[in-house]
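In: sequence isn't available, so here's the structure alone:
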């Protein structure tokens, strides 16, 4: 799988861009704040319908396009993608609307010119994005780790994505009913209906997440132990589900108890036993749910953790250990997605080479050579080897304009 052409209209600092891309590695270089990261963000957005940086869609639009005299379609992203099943065109439109005197945006997704649901855009382009701030997946709140799980799984498993969407809608309805019961006492007869649906959907999510983490853990551990730490450190990924107990993230004994439930979930292939256990605990917790007006048990409260040599990495890991763990995770993600979908994902690397020492940098660049396409950003091409620069396509990004950099290419050829 690789992208052959990218077209941007009013996206970030790109008023208009038409960019042809080659398979293999492409290095986008230039000074800071010129638009390098925006290109990777555009591809990630087309693949996942989400931005890794923006809180809302309006932040993605070029300021000039926010003028009320502009066309209704304020922004457009289009990618031509080559796959084993043939070429396809993916398009996302950001449509500006006026409501009550205020501008708002809605999204339209198209595949090969046909409008589809946003969910149906997923899976047409698979990407793995690697950012310097990805260490927050380890050190940040559980919501960041859940987000990573959901975005990665949704790229290759549409059933999971539909189940998750239905679960979230049902959860919102159940929570509204819980608040109504707490305030007025009315609606208790409806609670079992929403609870049963939550159990049905939540059990499927528990099992899929457990299987995903188990698969990812095997490859991440192998890479971490054999190639990144020369057999000196182990890495373990542990699923910490909210199936049974309320986990206090500061209570390590509680976390490890939940991790034991995660291991039990990994051994389940059918939802029956999971649904039974989830049902028993939801019913046991019903009084607390009504009192708080929220559902306290379920996948929406899940977590997963990293352990190195038995220690919680988020609490005890050094900066170097955090970077090494994230490198192992992302490289494992590439291989997992290739196995699941039959297509290697497009690898997007944003200024991460500078974060790595020479040996880890060499491992990452070796992986770059194995994927169909990789786009890397850097301020200085000099941090790359002459061999890499000789094989890669080099492009300079300046103030929202992208041009081929033949000068660096020529100087590299002379050194070789």
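Out: That came through, no problem. Note that the structure is predicted; figures quoted are calculated from it, not measured.
In: can we go C-alpha only for contacts and neighbour counts from here?
Out: Fine.
In: so how far is the first residue of stretch 308-319 from its last?
Out: The straight-line separation of the ends of stretch 308-319 (C-alpha to C-alpha, to the nearest Å) is 13 Å.
In: buried stuff in it?
Out: 308, 313-314, 317 (16 or more other C-alpha atoms under 10 Å).
In: adding distance to residue 298, write these out as CSV.
Out: Below are those laid out as CSV (distance: C-alpha to C-alpha, whole Å):
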residue, distance to residue 298
308, 27
313, 24
314, 23
317, 29
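In: which of the residues you listed fall in strands?
Out: Counting by DSSP state E, the buried residues of stretch 308-319 place residue 308 in strands.
In: just the closest of the buried residues of stretch 308-319 to residue 103, please.
Out: Comparing these against residue 103 with C-alpha to C-alpha places residue 314 closest, at 40.9 Å.
In: the helix or strand in which residue 335 is found packs against which elements?
Out: Take DSSP states H and E as the rule and residue 335 turns out to sit in helix 319-341. Packing contacts for helix 319-341, counted by 3 or more C-alpha pairs under 8 Å, 6 or more residues apart in numbering; DSSP states H and E, involve strand 127-130, helix 142-156, helix 191-222, helix 358-368.
In: what does the helix or strand following the longest one rub up against?
Out: With elements assigned by DSSP H and E, the helix or strand that comes after helix 191-222 is strand 235-240. When contacts are taken as C-alpha atoms under 8 Å, 6 or more residues apart in numbering, the neighbours of strand 235-240 outside the stretch itself are 210, 213-214, 217, 220-221, 224-225, 255-256, 258-263, 302-309, 325.
In: now do whichever helix or strand comes after strand 235-240 against helix 191-222, angle only.
Out: Per DSSP H and E, the first helix or strand lying C-terminal to strand 235-240 is helix 252-266. With axes from the mean of the first three to the mean of the last three C-alpha atoms, to 10 degrees defining the directions, helix 252-266 sits at 90 degrees from helix 191-222.
In: tell me how far helix 252-266 lies from the chain's centre.
Out: Helix 252-266 has its C-alpha centroid displaced from the chain centroid by 24 Å (C-alpha atoms, centre = their mean, to the nearest Å).
In: can you redo the helices and strands packed on helix 319-341 as CSV with mean pLDDT?
Out: Formatted as CSV, those follow (pLDDT from 0 to 100):
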stretch, mean pLDDT
strand 127-130, 94
helix 142-156, 95
helix 191-222, 96
helix 358-368, 84
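In: with distance to residue 21 as extra columns, can I get those in JSON lines?
Out: Below are the helices and strands packed on helix 319-341 laid out as JSON lines (distance: least, C-alpha to C-alpha, whole Å):
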{"stretch": "strand 127-130", "distance to residue 21": "15"}
{"stretch": "helix 142-156", "distance to residue 21": "22"}
{"stretch": "helix 191-222", "distance to residue 21": "30"}
{"stretch": "helix 358-368", "distance to residue 21": "16"}
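In: pick the most deeply packed of these.
Out: Highest mean neighbour count of these: strand 127-130, a mean of 22 (counted as mean count of other C-alpha atoms under 10 Å).
In: show me which residues of the helix or strand following that one are buried.
Out: As assigned by DSSP H and E, the chain's next helix or strand after strand 127-130 is helix 136-139. Neighbour-count burial for helix 136-139 flags 137-139 (criterion: 16+ other C-alpha under 10 Å).
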